[in-house]
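1. I'll drop the sequence and a predicted model, then ask my questions.
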Amino acid sequence: MAGITLATAIFWSLVRTLIVCTLALIPLAGFRRLLSDERSVSRRRFWLAVVTVPFFVPELLTGFQYRLTAASLAAAGDSAAHLVLTELLYGTLLLLRAVAVGVLLQGLLPASGVTSASLHTWQLLRGTVTRWDWWRGWLRLNLGGRWRAGLTCWSLMAIVTFQEFETAALMQIDRHPMTWTVWLFDAQAAMQPLAESLRMSLVPLGLELLFLMPCAALLWKSPSKFGGEQELQRCPQKSGWIAGWFCGIYAVIAAGLLVITPVWQSLLPAMYGLVWIFSDARLALQSIQQVLVSAGFSVTATAISLGVCWQLQSGASGPPGSTRQRLVTMVLLMPGLLGPLVLSLSLLSLFQWGVFHWMYDTWLPMLLGQVLVLLPRAYAISLFLRTVTDQESLYLARLVGSSGVAGVRRSGRALVWRLRDVRWLLGGLLLTQWCFWDVTVASSLRPVSLEPAVTRLYNEMHFARTEALLGLSFLAALTPLLVWVFALAVTYLIAARRQ
């Protein structure tokens, strides 16, 4: 990115993040009201699925899809118009992801202990205490009450937006959209000294810590019990037809930009590409090996991260809700929250140090990086799954599964499989997909002799949109799903045959 300084890239990224995440609060409030008012569980889940799908679409595929759009804007001739339109397109994609993150977080946040009655009571005390004490109490009540969800969501939406890399890296034509992640990644790829890259990452790291401070401060004193999907029904209110239409239009735009348009434009060429790949035995073998290597690392990192989060939430690091347990949790989640780029550069420096240098060109740095990046998402998923699982129903299903009658026992074990195993495997599928498509960690920490499929895809996506490349992308996207189907079948057979 010749001619652009890191300070300029950081400034653009910061302004974009502030605008996008502030605008995201508007649809976030609309979906909060809509989901609170919705009585039907199936419709509520439908709305949740539609609005959160942008967060589950790999960013690499989104950037690949809109690379040609960015290129056509750059070729239009008017540099100012190109800059504005490219920023609008990129900002819209970021907005869709930010809202998805916010809606997911709203269902996970602890229930507020501050009620409307508390706020009204404090209003009545306005003349009985000093002005300073009253405003300080009013601010504390609002931060712990009606403002808390919005501030917490904004904090984590800002982290996700500020760290974005893959979409910007592929859309970037003529230096726009400008982001600090792409600038620093390109500088590192151009053989900039690692110590200099780490020094340059201090300012973005400081901004990320500032973004995290509201979330950490508000959740540190929050109760350990999280609400899950049922929290959305706690205070029902009439959302009205305006909110319904607004959310519906937003959902159509999100699905159209990130799901319908890419599938419509790419599915048929991807099928031709798959046929072409498998018509060449050598190319097919190379592609399958790269995809399986990526899948193996992703599944392993997912299993480890879920296991760590299960231990954290089970009290292995201290009694649930204790200061020790929360401190250990924050220490383990912080590296992943600070983003894959800063994390990768830090691990790269660590494994070049004398004590750990023997592990530098092995698979351990890459696996460790993937686990640390996944931990925050794995923690949220495991927390959600533990919350929404009906423990009484699960206990009764286990009792049925221990029956002395073979038919009843099989029915009980199948019910346990449905209530517990399928949900955890679905959470594992999401984590595997995220890990599979992470370019930053794989590019920075992989050993020389190993090339995951995602690094090959990332490099080739910069040059041309060919049928073979679309076919390989389709195969890569399909692999975690095939692994999940295989895991479903294996766990079902084990549950059915267990004596």
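-> That came in fine, so what should we check first? Numbers count the residues shown, from 1 in each chain.
2. For residue 446, the count of nearby residues, please.
-> When neighbours are defined as other C-beta atoms under 10 Å, residue 446 has 20 of them. Using the backbone N, CA and C atoms, a C-beta is placed for each residue, glycine as well.
3. ok, it touching residue 366?
-> Yes: the pair residue 446 and residue 366 passes the contact test of C-beta atoms under 8 Å, sitting 5.0 Å apart.
4. Give me the pLDDT for residue 239.
-> Confidence at residue 239, expressed as pLDDT, is 51.
5. And for residue 458?
-> 91.
6. going forward can the numbers begin at 48, since that is how I track them
-> Sure, I'll start counting at 48 from here, so that last one is residue 505.
7. Skipping its backbone neighbours, what lies nearest it in space?
-> residue 486 (4.8 Å; C-beta to C-beta, 6 or more residues apart in numbering).
8. just residue 528 next, same as before
-> residue 476 (7.0 Å).
9. did I read that right, that neighbour in a strand?
-> No: assessed with DSSP: H, G, I helix; E, B strand; the rest coil, residue 476 is helix; it does not lie in a strand.
10. Tell me who's in contact with it.
-> 527-528, 530-531 (C-beta atoms under 8 Å, 6 or more residues apart in numbering).
11. before we move on, what about residue 494?
-> So residue 494 contacts 408-410, 413 (C-beta under 8 Å, 6+ apart).
12. Phi and psi next, for it.
-> phi -70, psi 160 (degrees, to the nearest 10).
13. do the same with the one 4 residues further on
-> Listed backbone geometry of residue 498 is phi -130, psi 100, with angles given as degrees, to the nearest 10.
14. do residue 451 as well
-> Dihedral angles for residue 451 - degrees, to the nearest 10 - are phi -80, psi -10.
15. mind checking how far it is from residue 369?
-> Taking C-beta to C-beta, to the nearest Å as the measure, residue 451 falls 42 Å from residue 369.
16. between these two, who's got more neighbours?
-> A direct count of neighbours by other C-beta under 10 Å for residue 451 and residue 369 places residue 369 higher, at 13 against 6.
17. what pLDDT does the more buried one get?
-> 73.
18. roughly how far apart are it and residue 361?
-> Relative to residue 361, residue 369 is positioned 13 Å away (C-beta to C-beta).
19. same deal with residue 300?
-> Counting by C-beta to C-beta - residue 300 and residue 361 are separated by 41 Å.
20. what does residue 434 give?
-> 14 Å.
21. And the two? Which one has more around it.
-> The neighbour count for residue 434 versus residue 361, taken as other C-beta under 10 Å, is higher for residue 434 (16 against 11).
22. can you tell me the helix or strand for that one?
-> helix 411-435 (DSSP states H and E).
23. Against which helices or strands is that helix packed?
-> helix 328-360, helix 370-384, helix 387-397, helix 469-483, helix 486-492 (3 or more C-beta pairs under 8 Å, 6 or more residues apart in numbering; DSSP states H and E).
24. Switch these over to CSV; also include distance to residue 195.
-> As requested, those are exported to CSV (distance: least, C-beta to C-beta, whole Å):
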stretch, distance to residue 195
helix 328-360, 21
helix 370-384, 17
helix 387-397, 27
helix 469-483, 26
helix 486-492, 31
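25. Pick the most buried one from those.
-> Ranked by mean neighbour count, the helices and strands packed on helix 411-435 are led by helix 486-492 with a mean of 24 (mean count of other C-beta atoms under 10 Å).
26. so what does that one touch, helix or strand wise?
-> Against helix 486-492 (3+ C-beta pairs under 8 Å, 6+ apart) you get helix 213-218, helix 227-236, helix 387-397, helix 411-435, helix 500-507.
27. With distance to residue 245 as added columns, please give those helices in CSV.
-> Formatted as CSV, those follow (distance: least, C-beta to C-beta, whole Å):
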stretch, distance to residue 245
helix 213-218, 20
helix 227-236, 10
helix 387-397, 6
helix 411-435, 15
helix 500-507, 22
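28. For residue 103, which of these is the nearest?
-> helix 411-435 (10.7 Å; C-beta to C-beta).
29. Report the inter-axis angle for that closest one versus helix 469-483.
-> Between helix 411-435 and helix 469-483, the angle comes out at 150 degrees (axes from the mean of the first three to the mean of the last three C-alpha atoms, to 10 degrees).
30. Any buried residues in helix 411-435, and which?
-> 411-434 (16 or more other C-beta atoms under 10 Å).
31. tell me the mean pLDDT over that helix?
-> 89.
32. Tell me what angle that helix forms with helix 370-384.
-> Going by the same axes, to 10 degrees, helix 411-435 makes 120 degrees with helix 370-384.
33. got the contact list for the closest residue to residue 413 other than its chain neighbours?
-> Excluding the flanking residues, the one nearest residue 413 by C-beta to C-beta, 6+ apart is residue 492, at 4.2 Å. By C-beta under 8 Å, 6+ apart, the contact list for residue 492 reads 391, 394-395, 398, 412-413, 415-416.
34. if you set the cut-off to 6 Å instead, what comes out?
-> Listed by C-beta atoms under 6 Å, 6 or more residues apart in numbering, the contact set of residue 492 reads 391, 412-413, 416.
35. between those, which is nearest residue 467?
-> residue 416 (29.8 Å).
36. which residues touch stretch 226-245?
-> In contact with stretch 226-245 (C-beta under 6 Å, 6+ apart) are residues 48, 53, 56-57, 60, 212, 215-216, 219, 251, 388, 392, 396.
37. again, only using 7 Å
-> 48, 51, 53, 56-57, 60, 210-212, 215-216, 219, 247-248, 251, 388, 392, 395-396, 399, 487 (C-beta atoms under 7 Å, 6 or more residues apart in numbering).
38. Could you give me the buried positions within that stretch?
-> Judged by neighbour count using 16+ other C-beta under 10 Å, the buried positions of stretch 226-245 are 226-232, 234-235, 244-245.
39. Output these in TSV; the columns should cover distance to residue 375 and pLDDT.
-> TSV is the format used below for the buried residues of stretch 226-245 (distance: C-beta to C-beta, whole Å; pLDDT from 0 to 100):
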residue	distance to residue 375	pLDDT
226	33	91
227	30	93
228	29	92
229	34	91
230	34	92
231	30	91
232	31	90
234	35	88
235	31	86
244	29	89
245	26	90
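40. could those residues be laid out in JSON lines, adding distance to residue 141?
-> Converted to JSON lines, the buried residues of stretch 226-245 look like this (distance: C-beta to C-beta, whole Å):
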{"residue": "226", "distance to residue 141": "10"}
{"residue": "227", "distance to residue 141": "14"}
{"residue": "228", "distance to residue 141": "12"}
{"residue": "229", "distance to residue 141": "14"}
{"residue": "230", "distance to residue 141": "17"}
{"residue": "231", "distance to residue 141": "18"}
{"residue": "232", "distance to residue 141": "18"}
{"residue": "234", "distance to residue 141": "22"}
{"residue": "235", "distance to residue 141": "23"}
{"residue": "244", "distance to residue 141": "24"}
{"residue": "245", "distance to residue 141": "26"}
